[in-house]
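Undergrad: this one's sequence-less:
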């Protein structure tokens, strides 16, 4: 599995409080928009976004996780690292990824963001090996990596640094695939949004 649990984490993946990064940038998701939660775990983000009126889809390789989220929306059991992408040809108004990194999947995730949609991504970054797991470079973003991956999207917010409670090095981005045709007025992405 490409996600190692931080040494200090005890709750099952997806049972913690929703990510503050996601809560902040969820306002970029179109009202009642479709959302794909990648490596959804037990559904912390699916619950939040379903409660806000979004049609949510979660994918995870754990049958236990999929059972836990089945009542929230579409729940797909799939090994997205070793098997086919279960959403071929589909696009979503938002693709949400937290605490997960499988680099070969990154182009597919970007292709899954619909025009006018948003990628909200947050995971561990280089330096995290000094405070916990994951520690392998395969599971840690390199400085500025998400910026390079999102070339071609409109980056609304990006952070690459250290957080406490628990201690962790993270990299996170909120990036929009601008709608086509281009609007006659510039898009307004509120930076003071609270989701």
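TA: Everything's here; your move. Please read these numbers as outputs of a predicted model, since none were measured by experiment. Residues are numbered from 1 along each chain as shown.
Undergrad: List the buried residues of stretch 128-142.
TA: By 16 or more other CB atoms under 10 Å, the buried positions in stretch 128-142 come out as 128, 131, 132, 133, 134, 139, 140, 141. Heads up, the C-betas are built off the backbone N, CA and C, glycines and all.
Undergrad: mind listing the strands for the chain?
TA: 34-38, 55-60, 74-77, 92-98, 113-124, 154-163, 168-176 (DSSP state E).
Undergrad: ok so, going back, kindly indicate which of the buried residues of stretch 128-142 lies nearest residue 113.
TA: Nearest to residue 113 among the buried residues of stretch 128-142 is residue 141, at 18.3 Å by CB to CB.
Undergrad: unless I'm mixing things up, that closest one is touching residue 171, no?
TA: Yes: contact status for residue 141 versus residue 171: in contact at 4.4 Å, counting by CB atoms under 8 Å.
Undergrad: what's the nearest residue to residue 122 if we skip its chain neighbours?
TA: Nearest-residue entry for residue 122: residue 172, 3.7 Å, with adjacent residues in sequence omitted and distances by CB to CB, 6 or more residues apart in numbering.
Undergrad: typo on my end, it should be residue 39
TA: Of all residues not flanking residue 39 in the chain, residue 100 sits nearest, at 3.9 Å (CB to CB, 6+ apart).
Undergrad: cool, residue 158 as well?
TA: Nearest residue to residue 158 in three dimensions, chain neighbours excluded: residue 173, at 4.9 Å (CB to CB, 6+ apart).
Undergrad: Ok, residue 121 next?
TA: Closest residue to residue 121 apart from its sequence neighbours, by CB to CB, 6+ apart: residue 97 at 4.6 Å.
Undergrad: Residue 142 now?
TA: Excluding its sequence neighbours, the residue lying closest to residue 142 (CB to CB, 6+ apart) is residue 126, at 5.4 Å.
Undergrad: OK, contacts around the residue found closest to residue 78 once you drop the neighbours it is linked to in the chain?
TA: Closest residue to residue 78 apart from its sequence neighbours, by CB to CB, 6+ apart: residue 86 at 4.4 Å. Going by CB atoms under 8 Å, 6 or more residues apart in numbering, residue 86 touches 59, 76, 78, 80.
Undergrad: intersection of neighbour lists for residue 141 and residue 171?
TA: Joint contacts of residue 141 and residue 171 (CB under 8 Å, 6+ apart) are 123, 124, 125, 160.
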